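Engineer: 3D, please:
(chains A and B)
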Amino acid sequence: MTKILLISIVIMIFIIIFQISKASEYVSVLKGEEKSRKQNNRINAFLLIVFLVLGLIGCWWCNNLYYGKTLFVQGAASEMGEKIDLMLYITIAVTGVVFFATQILLFWFSFKYQERDDRKAYYFPHNTKLELLWTTVPAIFLTVLVVFGLKYWFKMTGEAPKNSVVIEVTGHQFGWEFRYPGSDKILGKKDYRLTKGSNSLGVDFNDPASLDDMHVPATVHIPVGKPVKFVINAQDVIHDVGLSHFRMKMDAVPGIPTTLWFTPLYTTEEMKVRTGNPNFVYEISCDQMCGKGHFTMRGVIVVDTQEEYLKYLATLEPEYWTVFPDKKPGAQKTATTDSTKSKASLAAIMPAGN
Amino acid sequence: MSNTATLQTVQEAEVHGVHHHEHHEHHETFISKYVFSQDHKMIARQFLITGMIWAIIGGLFSVLFRLQLGYPNSTFPWLEDLLGHWAKGGKLQPEFYYALVTMHGTILVFFVLTAGLSGTFANFLIPLQIGARDMASPMLNMLSYWFFFLASIIMFSSLFVQTGPASGGWTIYPPLSALGDASSGSKIGMDLWLASMAMFIISSLLGGLNYITTILNMRTKGMSMTRMPLTIWALFFTAVLGVLSFPVLLSGAILLLFDRNLGTSFFLSDIVVNGKILPNEGGSAILFQHLFWFLGHPEVYIILLPAMGMSSEIISVNSRKPIFGYMAMVGSLFAIAILAFLVWAHHMFVTGLNPFLGAFFVLLTLLIAVPSAIKVFNWLTTLWRANIRFTPAMLFAIGFVSLFISGGLTGIFLGNSALDIHLHDTYFVVAHFHIVMGVASFMGMFAGVYHWFPKMYGRFLNNTLGYIHFWVTITGAYLIFWPMHYEGLAGMPRRYYDFSNWESFKMFAGLNEFISFVSMIVFAAQLLFVFNFFYSIFKGRKVKDLNPWGANTLEWTTPVNPGHGNWVGEIPEVHRGAYDYGKDGREFIPQTEPIGENESHH
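Structural biologist: Modelled structure (predicted):
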């Protein structure tokens, strides 16, 4: 019932608007087309200046409503992120000045130089000095922005510091897997053709470096204040490790490993206080369209203090033991936990949406 | 009045025009006149109307997926009636949500703002404004439309296949688009997408080659390149961009078809999908992105340049002032066209691109801001001390400038790679490109339609509806896309079906609802325009004056309803540039008027 009512209201509005518009055409013929054209001209010129004023108020209002929800308020959670925020502010300031100046001129000129009988348009086809002025001034400002930008770009994309904590991140439809290199600090080799059963990442266990590697799904712990380097892979399609709190992002491409690194500034607990949100978590969002479950492809980063981090690492078992339960010291006793574990990692390679 | 002489000869011509018309009637059938027409004006109308139908479909898709984004917890039983199993229980299924997003992008970018925009106006305006009887090859021109039609049919049919249309985003990145196992939209729907796009590229090449040839070879006597209206310059560069870049997309599409159907590995390597280990090795998924964006970025300017050209023309005509800095306007169009080829990798800053290479793309990308700034300031100076008539076309042209500024400035954020890392694939990008190439180009397109409708159909569009259309559209555009920047600055990713499980992004539910609501109103306002368009073709106020806007360009020297061949008798000779408005105290001096003895030089 409400549906029919709604549709008929919309149709009524259409008909009314149309009838008014048609009538206005007849009226303008009666009044004299030139006269009504000039009247329309005045109305629209006035509306343009109204649009400008309301638009400026709207900008301010929108900012009031939503600034608090942007990431500026909580600040960047990584060292480089703070510089990115600064650069964002500078860019907003520069473009903001240009934005307001040009929009105000555009609408104000439109209003001020509306057609009037006593006005003649000023013949002004070109002026080389003016044109040079607005070629060079933007060029100078842009140079400044480019210099800043490239400085940070090279820093961000440059080599991670030697003391970085290295963690491997693997994306698949629709979830994240993480692998710690273990005490040897070397990630074991992988070969996608070995992906089978509980060896969901295709780790090559003939490589001795892989024997102490630890595999965890969905949630990764990292220490605060230390550079962390992610080595990023994808198994099926392109994904993207989106770390908005750290202002970082990097695609996960099948067949082509990528890396990113950052230094977290605050632990998850500290961020709960900073944001005033007791549920705060650092989330990894998949930022590259990857299929129907794209929007569910969520990972969590827990930033721990150094002690908590080490304590956490100590609770992890090498993946080697999970894949080959018989190789685990004292295998008999923990058989039950093993089988649940391998089920869990089997579930991890199956797409979530099914 | 000084224009009486020209007007008189033109009126005489009109009388002849009727004869001419009748004469033609004898051997023109319905099929040759309205269907397989070789008249550039009819082909333009075919492009325009097909484009409008696509725009309604593409726009409707956005309203449908905005329902999901704005009201994620509601169900709409009528959706199930409409879409069947794609909206089980009145809720869009994620697969279909992504299919809608993909089709919305594909349709709007290619079918509406490429074919519908430059297809319409290049066809319509090039012969009329340079003084030619038709395109260099009317036959190829006709084929250009019919290949587009074929592309449309194939794309449309993909909406009805069991596994759904392509759903990997309009950028169709492999491996997602290459593997049917990864997404149901990558099954037959994707093959249809690629086949349709191949047809579309053929259409665009046939059209583009024709436009270039016509502009270079068929200008009337006296119409030197530097006397051409800016619309023609813009359409010329658009055609050059299309001809040079579309074949690269074709190659990408064909390689992708091979990967999909013939077992090649151009874009595939090391893949395990759904537990299946694929044999493909050695391909590069990133290679496709290079091929795609080598078209994809020029494509942005293929969409934008015609709107720039038309807005320049319309602003000058209605300001009653010459466009400020004609040569600078041409130069900046040229600069933009060149730079358009050298910046494609700025779409790929987060793919693991070599940072050193990336630096050059940053530099070249931000360089585009310079010619863009020149254009904006020149438009502003054109308005300065003008005597402005606010026809609906003029309002849309002003709206174009406003949106071009707003969307252009956010490009400075995204082109700067260090910031792009943070903003990439967030709603900031969605806001940016919708404003600068979506709505701005639509504004230019509407400006063109309102301005040249009298020439196309010999009648006027209803003005009041035009004003309502403009005000709702520009207000709506800002209400929809301005707040999206804030969502982007909060890191909210694009192409998400639902945000409610995300601690970081769920706080924008209210705003999303607002945006969805406004988008419905704006869509309704476009239907008003469509209604106005078709109503006015048959019932609009008739054009009595040959030159209703008092413009200088050649199209207004043709009869009100020009027949095939445009001019009756000789094609007029051109003696001056297109922008002698307000010169020597005269309101306008048509291009056909010889330079007077006492005329001032500038």
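
Engineer: how about the helices of the stretch 101-250 of chain A, start to end?
Structural biologist: Taking DSSP state H, counting those that start in this stretch as the criterion, the stretch 101-250 of chain A carries its helices at A:128-157.

Engineer: Just the pLDDT for residue B:600.
Structural biologist: Reported pLDDT at residue B:600 in the predicted model: 80.

Engineer: For burial, what's the neighbour tally of it?
Structural biologist: For residue B:600, the number of neighbouring residues by other CB atoms under 10 Å in any protein chain shown comes to 8. Where you see a C-beta, it was placed from the backbone N, CA and C, and this is true even at glycine.

Engineer: Contact residues of the stretch 251-354 of chain A facing chain B?
Structural biologist: For the stretch 251-354 of chain A, the contact set with chain B under CB under 8 Å from any CB of the partner chain comprises A:251, A:253-256, A:258-259, A:277, A:279-281, A:283, A:285-296, A:298, A:349-351, A:353.

Engineer: How about the contacts made by the closest residue to residue B:443 other than its chain neighbours?
Structural biologist: Counting by CB to CB, 6 or more residues apart in numbering or on different chains, residue B:443 lies nearest to residue B:400, which is 4.0 Å off, once chain neighbours are set aside. Each residue near residue B:400 by CB atoms under 8 Å, 6 or more residues apart in numbering or on different chains is listed here: B:307, B:308, B:311, B:440, B:443, B:444, B:447.

Engineer: Strands of the stretch 201-350 of chain B, start to end?
Structural biologist: Using DSSP state E, counting those that start in this stretch, the strands assigned to the stretch 201-350 of chain B run over residues B:272-273, B:276-277.

Engineer: For the residue of chain A found nearest chain B, the count of nearby residues, please.
Structural biologist: The nearest approach of chain A to chain B comes at residue A:244, 2.6 Å away (CB to the nearest CB). Neighbour count of residue A:244, defined by other CB under 10 Å: 27.

Engineer: Count the neighbours of the residue nearest to it when sequence neighbours are not counted for me.
Structural biologist: Closest residue in space to residue A:244, ignoring its immediate chain neighbours: residue B:491 at 2.6 Å, by CB to CB, 6+ apart. When neighbours are defined as other CB under 10 Å, residue B:491 has 26 of them.

Engineer: Do I have it right that the residue of chain A closest to chain B meets residue B:504?
Structural biologist: Yes - counting by CB atoms under 8 Å, a contact exists between residue A:244 and residue B:504, whose distance comes to 6.3 Å.

Engineer: Find residues that contact each of those two.
Structural biologist: Applying CB under 8 Å, 6+ apart, one finds that residue A:244 and residue B:504 are jointly contacted by A:283, A:285, B:490, B:491.

Engineer: how many neighbours does the closest residue to residue B:173 other than its chain neighbours have?
Structural biologist: Leaving aside its chain neighbours, residue B:173 sits nearest to residue A:238 (5.7 Å; criterion: CB to CB, 6+ apart). Taking other CB under 10 Å as the neighbour definition, residue A:238 ends up with a count of 25.

Engineer: shaky segments in chain A?
Structural biologist: Scanning chain A for pLDDT under 70 picks out the ranges A:331-354.

Engineer: Which residue ranges make up the domains of it?
Structural biologist: When chain A is parsed into structural domains using automatic domain parsing, the resulting residue ranges are A:42-113+A:129-158, A:165-349.

Engineer: of all the ones you listed, which lies closest to residue B:147?
Structural biologist: Taking CB to CB as the measure, these were each checked against residue B:147, and domain A:165-349 came out nearest at 28.9 Å.

Engineer: re earlier: minimum distance to residue B:546: which of the strands of the stretch 201-350 of chain B has it?
Structural biologist: The nearest among these, by CB to CB, is strand B:272-273 at 64.4 Å.

Engineer: who touches the closest one?
Structural biologist: Around strand B:272-273, the neighbours that count as contacts under CB under 8 Å, 6+ apart are A:172-173, A:192, A:195, A:202, A:235-237, A:349, B:175, B:179, B:181-182, B:278.

Engineer: and the residue of chain B nearest chain A?
Structural biologist: When distances are taken as CB to the nearest CB, chain B approaches chain A most closely through residue B:491, which lies 2.6 Å from it.

Engineer: isn't that residue right up against residue A:285?
Structural biologist: Yes - counting by CB under 8 Å, residue B:491 touches residue A:285, with 7.5 Å between them.

Engineer: got any residues that touch both of those two?
Structural biologist: A:242, A:244, B:504, B:505.

Engineer: Stretch A:6-24 close to chain B?
Structural biologist: Yes - legend: contact between stretch A:6-24 and chain B by CB under 8 Å from any CB is shown at A:10, A:14, A:17, A:18, A:20, A:21, A:22, A:24.

Engineer: What separation is there between the second one and residue B:477?
Structural biologist: Using CB to CB, to the nearest Å, one obtains 21 Å as the distance from residue A:14 to residue B:477.

Engineer: Over to the fifth one?
Structural biologist: Distance, residue A:20 to residue B:477, by CB to CB: 24 Å.

Engineer: And the two? Which one has more around it.
Structural biologist: Under the criterion of other CB under 10 Å, the comparison of residue A:20 against residue B:477 puts residue B:477 first, with 25 against 13.

Engineer: How about the more buried one: what's its closest non-neighbour residue?
Structural biologist: Ranked by CB to CB, 6+ apart and with sequence neighbours excluded, the top spatial neighbour of residue B:477 is residue B:439, at 4.3 Å.

Engineer: hang on, that neighbour is in a strand, isn't it?
Structural biologist: No - assessed by DSSP: H, G, I helix; E, B strand; the rest coil, residue B:439 does not belong to a strand; its assignment is helix.

Engineer: Tell me, how many residues neighbour the nearest residue to residue B:149 once chain neighbours are set aside?
Structural biologist: Take residue B:149 and drop its neighbours on the chain: the residue closest to it by CB to CB, 6+ apart is residue B:50, 6.8 Å away. Counted with other CB under 10 Å, residues neighbouring residue B:50 total 20.

Engineer: next helix or strand past whichever strand or helix holds residue B:50?
Structural biologist: If you go by DSSP states H and E, residue B:50 is part of helix B:40-70. For helix B:40-70, the following helix or strand on the C-terminal side (DSSP H and E) is helix B:77-83.

Engineer: Mind giving me the packing neighbours of that next one?
Structural biologist: For helix B:77-83, the packing partners by 3 or more CB pairs under 8 Å, 6 or more residues apart in numbering or on different chains; DSSP states H and E come out as none at all, with no helix or strand in contact.
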